[in-house]
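Trainee: Would you be able to build a 3D model of this:
(one chain, ligands or ions: 1)
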Amino acid sequence: MNNFARVQEKLEILADAAKYDVSCSSSGGNRKNTPSGLGNSSKTGICHSYTEDGRCVSLLKILLTNHCIYDCAYCVSRKSNDVKRAAFTVDEVVDLTINFYRRNYIEGLFLSSGIFKDADFTMERLVRIANKLRTEHRFNGYIHLKTIPGASPELLDEAALYADSLSVNLELPTETGLKLLAPEKKREDMIKPMDHLKNGIIKYKEEKKIFRKVPKFAPAGQSTQMIIGAAQENDLQIIKVADHFYKNYKMKRVYYSGYVPVLEDSRLPSLNTQVPMVRENRLYQADWLMRFYGYEANEILDSSLPFLDLEVDPKLGWALRNLDKFPVQIQAAPYEMILRVPGIGVKSAKKIVSSRRFQQLSLEHLKKMGVATNRARFFIDFTFGNPYLNQLHKTHFRKILLSGTHTKGQQLLQTQLSLF
Ligand code: SF4
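Mentor: Coordinates of the predicted model:
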């Protein structure tokens, strides 16, 4: 096998193994090439992510190796799994990145890895790749490095100097889940690097305010990922963990990866049980509410309601459970409450608050501001206009509330929504 074919084979194995990591947004495309066509989106491990300034960039997403000394039950690369193994050399990853970049296939690199020998042995190679790209090739594209739990602080500092963003996977939301499915791993080996990175990022931002030139330290921040549905955690536990990491570790993003059954193991859900995609979506929506809409985890779910409703998004779900807080007076309510109206987003809430000072707003105005009025109109009051809507929603929602179960209520709401 010649060198090109060998690298090509490694690329197929290690890009495929990297697809389970969702700490960057993947295109998920599987378009194949055609005889007269150009390119394909399925094989080369190219995915998309967002930079510090919100640009969408395409990344080469690969593992350095899928060899691993650990045996995490949920992982396709675990040492006891009988899969084809491969490992890139440092130079191979550097050359692939530069070649793909020159051909305009990618704008950056997302590099993760199984653990070769120990955490530092692997981390040192990841750092060496980023170092070579930045210093020898003057590569200015985006680099995301996955840090290896248990890696030393010195290597983390060096990684943060070259990479735009870093992530440490939390793997499982709770310690109980980790003990069950990845007993060789310690929670503290994940927390320590997160804490170290948090402090470095804070220091970097502070110094940047004072000095013109400061050595970079993961300027696009740190993120983490949790696997959902491999252990028995409920959504309340998951969003509380996410909330904790946003508040205490300055996470840029927490990613939720629905467990993909790849292995038979009595500790795991059976092979034909797939986490519904909608559960991941609902978790991302709840996450969004906590980060941008001012909701606390305990408001979205509580011990009497530990799972997110798969039929209704969490914002509408909260509104339906808190109808006494509605209708919201669009002309006078505080911004925080306007933001809680289903169908009103952050941008439109800001527009409402700034424009209501100069005029009496109507449903038409809200529509022009981008409000989903088919949903919002049940929850708002214009003071001078549309009094019939208030009458309607009071009556209907009271009925919904008194109709018994939560699901029955949603069905009724769906019927109400379809009437307008
Ligand atoms: S340490 Fe990472 S790569 Fe290795 S088995 Fe566990 S999850 Fe998989």
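Trainee: Pass me the low-pLDDT residue ranges in the stretch 51-200 of the chain, would you?
Mentor: Residue ranges of the stretch 51-200 of the chain with pLDDT under 70: 51-55.
Trainee: got the residues of it near the ligand?
Mentor: Contacts of the stretch 51-200 of the chain with the ligand, taken as CB under 6 Å from any ligand atom, map to 68, 70, 72, 75, 77-78, 114-115, 182. All C-beta spots, glycine's among them, are computed from the backbone N, C-alpha and C.
Trainee: biggest separation within these, which pair?
Mentor: Maximum pairwise distance in these, criterion CB to CB, is 13.1 Å, between 114 and 182.
Trainee: any common contacting residues for those two?
Mentor: Shared contacts of residue 114 and residue 182, defined by CB atoms under 8 Å, 6 or more residues apart in numbering, are found at residue 70.
Trainee: Name the SS class of the residue nearest the centre of the chain, please.
Mentor: With distances taken as CA atoms, centre = their mean, residue 255 lies nearest the centre of the chain, 2.9 Å away. Recorded secondary structure, residue 255: strand (DSSP: H, G, I helix; E, B strand; the rest coil).
Trainee: Any idea what it is bridged to?
Mentor: Beta bridges link residue 255 to residue 225, judged by DSSP bridges.
Trainee: The ligand versus that one, what's the distance?
Mentor: According to CB to the nearest ligand atom, to the nearest Å, residue 255 and the ligand sit 14 Å apart.
Trainee: What of residue 124?
Mentor: 17 Å.
Trainee: can you check residue 140 too?
Mentor: Separation of residue 140 from the ligand (CB to the nearest ligand atom) stands at 29 Å.
Trainee: Kindly report the same for residue 340.
Mentor: In terms of CB to the nearest ligand atom, residue 340 sits 38 Å off from the ligand.
Trainee: There's contact between that residue and residue 320 in this structure, I believe.
Mentor: No: applying CB atoms under 8 Å, one finds residue 340 not in contact with residue 320, separated by 12.0 Å.
Trainee: Please name the residues that touch residue 232.
Mentor: residue 177 are the contacts of residue 232 under CB under 8 Å, 6+ apart.
Trainee: Residue 134: neighbour count?
Mentor: Number of residues near residue 134 (other CB atoms under 10 Å) recorded here: 17.
Trainee: What residues does it make contact with?
Mentor: When contacts are counted by CB under 8 Å, 6+ apart, residue 134 touches 143, 162.
Trainee: Please repeat the previous calculation with a cut-off of 7 Å.
Mentor: residue 162 (CB atoms under 7 Å, 6 or more residues apart in numbering).
Trainee: Also residue 376?
Mentor: Here residue 376 is in contact with 341-344, 366 (criterion: CB under 7 Å, 6+ apart).
Trainee: All the helices of the stretch 151-300 of the chain, in order from the start?
Mentor: Applying DSSP state H, counting those that start in this stretch to the stretch 151-300 of the chain gives helices spanning 153-162, 175-181, 187-210, 235-249, 277-292, 297-300.
Trainee: now the ones you listed in a markdown table, with mean neighbour count?
Mentor: A markdown table is the format used below for those (neighbours: other CB atoms under 10 Å):
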| stretch | mean neighbour count |
| --- | --- |
| helix 153-162 | 19 |
| helix 175-181 | 17 |
| helix 187-210 | 16 |
| helix 235-249 | 19 |
| helix 277-292 | 18 |
| helix 297-300 | 18 |
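Trainee: how about the residues of the stretch 201-350 of the chain near the ligand?
Mentor: Counting by CB under 6 Å from any ligand atom, the stretch 201-350 of the chain has no residue next to the ligand.
Trainee: which residues of the stretch 201-350 of the chain score low on pLDDT?
Mentor: In the stretch 201-350 of the chain, no residues with pLDDT under 70.
Trainee: The helices of the stretch 151-300 of the chain: which one's closest to residue 371?
Mentor: The nearest among those, by CB to CB, is helix 277-292 at 16.2 Å.
Trainee: Can you spell out which helices and strands pack onto that closest one?
Mentor: Under the contact criterion of 3 or more CB pairs under 7 Å, 6 or more residues apart in numbering; DSSP states H and E, helix 277-292 touches strand 222-228, helix 235-249, strand 253-258, helix 297-300, helix 314-321.
Trainee: Residue 288 and the ligand, how far apart?
Mentor: Distance from residue 288 to the ligand, by CB to the nearest ligand atom: 27 Å.
Trainee: got it, and residue 258?
Mentor: According to CB to the nearest ligand atom, residue 258 stands 16 Å off from the ligand.
Trainee: so what's that residue closest to, chain neighbours aside?
Mentor: Leaving out its chain neighbours, the residue that sits closest to residue 258 by CB to CB, 6 or more residues apart in numbering is residue 275, at 3.4 Å.
Trainee: and if you look at residue 327?
Mentor: In space, and not counting its chain neighbours, residue 327 is closest to residue 381: 3.9 Å by CB to CB, 6+ apart.
Trainee: tally of neighbours for that neighbour?
Mentor: Residue 381 has 21 neighbouring residues, counting by other CB under 10 Å.
Trainee: Tell me which residues touch it, please.
Mentor: By CB under 7 Å, 6+ apart, residue 381 lies in contact with 327-330, 390.
Trainee: Who wins on neighbours among those?
Mentor: residue 330 leads those on contacts (other CB under 10 Å) with 28 neighbours.
Trainee: Name all residues that make contact with it.
Mentor: By CB under 7 Å, 6+ apart, residue 330 lies in contact with 352, 361, 380-382.
Trainee: Among the residues you listed, the buried ones, what's the PyMOL command?
Mentor: Typed into PyMOL, the line below selects the buried ones among the contacts of residue 330, using 16 or more other CB atoms under 10 Å:
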select buried, resi 352+361+380+381+382
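Trainee: Go through the contacts of residue 330 and name the one nearest the ligand.
Mentor: residue 352 (45.8 Å; CB to the nearest ligand atom).
Trainee: so who does that closest one touch?
Mentor: With contacts defined as CB under 7 Å, 6+ apart, the neighbours of residue 352 are 330, 338, 361, 369.
Trainee: what would the helices of the stretch 151-300 of the chain look like in TSV with distance to residue 100?
Mentor: Listed next are the helices of the stretch 151-300 of the chain as TSV, based on distance: least, CB to CB, whole Å:
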stretch	distance to residue 100
helix 153-162	18
helix 175-181	34
helix 187-210	27
helix 235-249	32
helix 277-292	29
helix 297-300	40
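Trainee: Nearest to residue 216, out of the ones you listed?
Mentor: Comparing those by CB to CB, helix 153-162 comes nearest, at 6.0 Å.
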